[in-house]
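1. got a predicted structure plus its sequence, pasted below:
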Amino acid sequence: MLKKRYSAIIILLTFSLAAFSIYPYVNVNSQEDVKEDITIKTVLFDFISSQYKVAVGKDMPQDRLQLIVSSIMEASKIFEISPLMIAAIIDTETNFKNIIGSYGEVGYMQLRPSTAQFVVNKYYDLFESLNYTETSLDWIEDRLLLDPRYNILVGTAYLKYLMETHGDTYKAIGWYNGGGNDYYANKVVYKINRIAIKYPVI
């Protein structure tokens, strides 16, 4: 019953939040698009900075905050995934801390280098167009830690791959770092709900 309930929630979120990952970026030609874009960025700035401060006890440097927000927005546009969903996964994984996990997962979106290498090779043309042409494991591992933009792009590409593979957003989230279980997916959905409640303007 709980699974059905959360599945329904994630379906609603997928459709309702999709607008935030597509429309502000396709052609920003109207004042409405610009306002929507600014609204989403404002939400991300506030959410990320507050979650990081709670986790670490200090403010995130402004240049790093700006880079994370711009990277989430870019990844959202490229892979047509809600920026709020991307932010919720990063918050679930690391609370926006750039860390190495206990099993070798790297950076904000906690990717194993071998997984990242698979994803980069699968979407090689896309990453090449973004000036990321190297595919060696050592380079990828270093870049995942040192380049937030790269980490978020690869993490979002991996989520896109899981969506294409499983044909279901809820299942894809569950497989991102939860071995396909509902517990992880529910954690991410809960965070998305918290964002929506905290920022009703969206």
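-> That came in fine, so what should we check first?

2. OK, contacts around the spatially most central residue of the chain?
-> Geometric centre of the chain, nearest residue: Ile86, 2.1 Å, by Cα atoms, centre = their mean. Residues near Ile86 by Cβ atoms under 8 Å, 6 or more residues apart in numbering: 72, 75-76, 152, 155-156, 159. Every residue, glycine included, has its C-beta placed from N, CA and C.

3. can you show me the helices along the protein?
-> Along the chain, counting by DSSP state H, helices occupy 2-26, 31-56, 62-79, 83-94, 113-122, 124-129, 137-146, 148-166, 169-177, 182-198.

4. neighbours of Leu130, how many?
-> Other residues within reach of Leu130, judged by other Cβ atoms under 10 Å, total 13.

5. returning to what we had before: just send the helices of the chain back as a markdown table, with distance to Gly101 and mean pLDDT too.
-> Putting the helices of the chain into a markdown table (distance: least, Cβ to Cβ, whole Å; pLDDT from 0 to 100) gives the following:
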| stretch | distance to Gly101 | mean pLDDT |
| --- | --- | --- |
| helix 2-26 | 25 | 44 |
| helix 31-56 | 15 | 90 |
| helix 62-79 | 18 | 97 |
| helix 83-94 | 8 | 97 |
| helix 113-122 | 12 | 98 |
| helix 124-129 | 23 | 98 |
| helix 137-146 | 11 | 98 |
| helix 148-166 | 13 | 98 |
| helix 169-177 | 9 | 95 |
| helix 182-198 | 14 | 94 |
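
6. switch those helices over to CSV; also include distance to Val106.
-> Shown next, in CSV, are the helices of the chain (distance: least, Cβ to Cβ, whole Å):
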stretch, distance to Val106
helix 2-26, 24
helix 31-56, 18
helix 62-79, 15
helix 83-94, 10
helix 113-122, 6
helix 124-129, 16
helix 137-146, 4
helix 148-166, 7
helix 169-177, 12
helix 182-198, 18
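
7. tell me how far Tyr190 lies from Thr115.
-> Tyr190 sits 24 Å away from Thr115, going by Cβ to Cβ, to the nearest Å.

8. please disregard the earlier target; I meant Tyr150.
-> Shown here: Tyr150 relative to Thr115, a distance of 14 Å by Cβ to Cβ.

9. ok, Asn96 touching Gln51?
-> Not quite, residue 96 is Phe, not Asn. Yes - using Cβ atoms under 8 Å, Phe96 is in contact with Gln51, at 5.9 Å.

10. how about Lys171, nearest residue that isn't a chain neighbour?
-> Of all residues not flanking Lys171 in the chain, Gly180 sits nearest, at 7.0 Å (Cβ to Cβ, 6 or more residues apart in numbering).

11. from Asp63, how far off is the spatially closest residue to Lys160 that is not a sequence neighbour?
-> Nearest residue to Lys160, sequence neighbours excluded (Cβ to Cβ, 6+ apart): Phe79, at 4.3 Å. In this view, Phe79 and Asp63 are 24 Å apart by Cβ to Cβ.

12. more crowded one of these two?
-> The residue with more neighbours, out of Phe79 and Asp63, is Phe79; 20 against 8, by other Cβ under 10 Å.

13. do I have it right that that one meets Val154?
-> No - judged on Cβ under 8 Å, Phe79 makes no contact with Val154 at a distance of 10.7 Å.
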